[in-house]
Structure formats: C-alpha cells, structure tokens
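Novice: Can you look at this prediction? I've put the sequence above it.
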Amino acid sequence: MSRVDDLLKQMIYVTENVDKVVSDKKHSGKKVVGVLPIYAPEELVHAAGMFPVGCWGGSTNISMAAKYLPPFACSIMQAVMEYAERGTYKDLDALLVPTPCDTLKAISQNLIYACPDQKIIILTHPQNNKMEAGVIFAKSEFAKVKAQLEAVAGTTISDQVINESIEIYNDHRSALMKFTEIIANNPGVLSAVNRHYVIKSGLYMEKEEHTKLIRELNSILKAEPKMDWPGKKIVLAGILAEPNGLLEIFDEFSLAVVADELAQESRQFRTLVPEGKDPLERLARQWQNREACSVILDSEKKRAKHIAALAKANQADGVIFCQMKFCDPEEFDYPSIKKACEDAQIPLLHLESDQLSDSTGQYRTRIQAFCELLGH
C-alpha cells in the first residue's frame, strides 16, 4: 500500500464510521458537539476543549421525521431530524445549530422538542453581512454561543485560547486550499470520490490531525508527475455532491473535478479569519468577508460571477450544478448562474441531488449526455 493509500484509508475510515469516532472521543473523556450546516464557529467548540463533529444528514429512510417536516423539506434536514428522533445524536453533549435558511430555523426549534434532554445551541447570522451593524450583531451572537459552550464544557474560554483555535483552523483552511489547487493543476491525480473524502473527513477529525494529514498528502501529490489527462475538467457547484455513487460516475466518465464552490466543501474553508486581538470580532469579520453564497444576501449576484470565473480560471470544460432538492436559496440562485455560464460560454449541467433516494441511473444518463455535449 502506498503512503497516499494509507492517508486516504484514514480519511475514509472516519467519514464512514462517525459513530465509532464519537464513541472513541467520549470514552477518552472528551465532550462532543454536533455541528449542523453551515458556517458554525467551530473554533469556539475547539477552544472549549470539545470535539466538533459534522451533522450533514445522510442516506436513510424517513419515517419519524415526517411529523416535523413536510416531504418538500431538503433531504439533509429531513435526515438530521430522522437521526435526532432515532437517538443517533444521543451521545452528543450538545448540538450547535446555525440558522441561515428557513428550514434550519425550523430545525432549531424542532430539535428542542425532539431532544429535550440535549443542549441545543442556536446561532443566528445576520444575512446582510456587509453592514457594520451586522458585524456588531454577529459578535453578540458568538458571545451567546461562547457562554453556552462554556456551560456545556464546564470551563471558561479565554480570548487567548480562542485566538489559538482560530489560528489552528486558519492553518486547516490554508492546507485545504492548497490541496484543491494541487488537484486543479494535475487533473486525474486523485479521483473525484477520493477528493471528496479528503475534504469531508475534516468534519470528523481533530483539525490539527487532519491538517497534518492534508499537508503530507499535499507534499506527495505535488511531487507527482503531470498527468496527460484524457478526460474533461469540471467545476462543481451547489450544497454538496453526494451520494458517492454520483462521484463514481464522474470517475467512470473521466470527469476530473478541478474546483468547487460546494457549501460542504470549498465554501467552508475559502475565507480565512482575519487578523485581530478580539477573537469574537475576528469571527464576525470573517462572516462579513464571506460572499458568493446562497444563504448570504447577494444582491449583486456575485456567486454567479464567481462560479463562471472559477471555471475560467481552472480551464474547466463545464460546470455541474448539484441542486439540492427543495433547497429554495439554491433554486433562487440558479437562473443567474445559468446566465453567467451562458455569457461566458461555459456548458452547464443542472443535476437535482437528494440524499434520500438512489438516482444513480438518472445521474448516469444525464452525465453521459453532458459528456457528449462536451465532445468527450
């Protein structure tokens, strides 16, 4: 087994065995906080000496969640409520719930009712993040979250420790940005499935440990000879590109993912926390600096321009928009994204994704047709 295979094996293991990861952390005496999408201040969880673990839904059958959510709610949140009702999250010491969209706002209240014995910490981001008033509001929200995390951890979090955690997370973001750059410069050096595992595994590992693995992987991949890639290059957009069956089809048709703006992937790490002394203001300024996202006010439609520019910069042959089924913010953004790609003469494929159903056959047919459009 090569060292790359060994590194990937570690990342795949934590991604596919989250329950074991949580159990091991609990047995080691560490408290665990479940973190829902999107843009939760994990640095505060880390600074409190607790382990943040991502809660991004999953493939499951919906039965118990139906009493909380209509069938047209997004599949990630339906899965989260199903897991909550089944007791999947019972070993978590708290759930940290940002509320950037209408469904997450509902989920935050539903979880309070569904998990009465669990601490639910709710975070409200100002969606108009460019206003100075938004920074003040965001800082006050982070202060509330900090106080509640301190109560769960049974300890006080100092500004110094939070700043140290911010630097650890910035190092992690930088390592992932470098990883995506290396993959973009050498299409095919890593499969679409493994690229996804590398990024997603960061949701289920200590950031220091994951950063160490990423930096080693970067060093190895950067030294790999340039591949003569026979296929096409694509950019992924949307909330997430799952299940793995979808990514396997990309590999099957020799479509190399050279960049993404997925909420579960690059949107998480593309914006560093700026320098400063006050850690909560630093986190608030990071929120102010975030843009080109479906859950943040984007009156100038910067996201559409960002996706087209991302494709141009990486010499991508096309963009695949992975539309999370029933996700209103993403649906609202699609027309402007479609126009931006048309104006830039970049082929665009719109795929409707759903964690709760197997659409592999439909994906294959659509992607095969897209490949033919690309002349591949």
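Specialist: The structure has been received and is ready for your questions.
Novice: And the residue lying closest to K146 once chain neighbours are set aside, how far from A263?
Specialist: Leaving aside its sequence neighbours, K146 sits nearest to L44 (C-beta to C-beta, 6 or more residues apart in numbering; 5.3 Å). All C-beta spots, glycine's among them, are computed from the backbone N, C-alpha and C. Per C-beta to C-beta, to the nearest Å, L44 is found 20 Å from A263.
Novice: Among these two, which residue is more densely surrounded?
Specialist: L44 (31 against 25; other C-beta atoms under 10 Å).
Novice: show me what contacts that one?
Specialist: Residues near L44 by C-beta atoms under 8 Å, 6 or more residues apart in numbering: 142, 145-146, 149, 157, 162, 165, 283.
Novice: Drop anything exposed from the residues you listed.
Specialist: 142, 145-146, 149, 157, 162, 165, 283 (16 or more other C-beta atoms under 10 Å).
Novice: ok, back up a step: using JSON lines, lay out the contacts of L44 together with distance to D317.
Specialist: Formatted as JSON lines, these follow (distance: C-beta to C-beta, whole Å):
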{"residue": "F142", "distance to D317": "41"}
{"residue": "V145", "distance to D317": "42"}
{"residue": "K146", "distance to D317": "46"}
{"residue": "L149", "distance to D317": "45"}
{"residue": "I157", "distance to D317": "47"}
{"residue": "I162", "distance to D317": "43"}
{"residue": "S165", "distance to D317": "40"}
{"residue": "L283", "distance to D317": "38"}
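Novice: Of those, which belong to helices?
Specialist: Counting by DSSP state H, the contacts of L44 place 142, 145-146, 149, 162, 165, 283 in helices.
Novice: which stretches of the stretch 51-200 of the chain form strands?
Specialist: Counting by DSSP state E, counting those that start in this stretch, the stretch 51-200 of the chain has strands at residues 51-54, 94-98, 119-123.
Novice: count of neighbours near Q315?
Specialist: 10.
Novice: er, K222 I mean
Specialist: As a burial measure, K222 scores 14 neighbours (other C-beta under 10 Å).
Novice: can you check Y83 too?
Specialist: By other C-beta under 10 Å, 19 other residues sit near Y83.
Novice: how about the strands in the stretch 251-376 of the chain?
Specialist: If DSSP E, counting those that start in this stretch is used as the criterion, the strands of the stretch 251-376 of the chain fall at 255-260, 318-324, 348-353.
Novice: closest one to E206 among those?
Specialist: strand 255-260 (23.9 Å; C-beta to C-beta).
Novice: And that closest one, what's buried?
Specialist: Buried, per 16+ other C-beta under 10 Å, within strand 255-260: 255-260.
Novice: what's the answer for stretch 116-124, then?
Specialist: Neighbour counts over stretch 116-124 (16+ other C-beta under 10 Å) mark 118-124 as buried.
Novice: Once you drop chain neighbours, what's closest to K178?
Specialist: Leaving aside its chain neighbours, K178 sits nearest to N218 (5.4 Å; criterion: C-beta to C-beta, 6+ apart).
Novice: And whatever helix or strand that neighbour lives in, what does it pack against?
Specialist: Here N218, judged by DSSP states H and E, is contained in helix 207-222. Secondary-structure packing of helix 207-222 (3 or more C-beta pairs under 8 Å, 6 or more residues apart in numbering; DSSP states H and E): helix 3-16, helix 159-185.
Novice: Next secondary structure after it?
Specialist: The helix or strand immediately downstream of helix 207-222 is strand 232-238, counting by DSSP H and E.
Novice: Each with direction, which strands does that next one pair with?
Specialist: strand 255-260 (parallel), strand 318-324 (parallel) (DSSP bridges).
Novice: Next, count neighbours for L351.
Specialist: As a burial measure, L351 scores 18 neighbours (other C-beta under 10 Å).
Novice: which residues touch it?
Specialist: By C-beta under 8 Å, 6+ apart, the residues touching L351 are 246, 320-323, 363, 366-367.
Novice: Which parts of the stretch 251-376 of the chain are helices?
Specialist: Listed in chain order, the helices of the stretch 251-376 of the chain (DSSP state H, counting those that start in this stretch) span residues 266-269, 279-289, 302-313, 328-343, 360-373.
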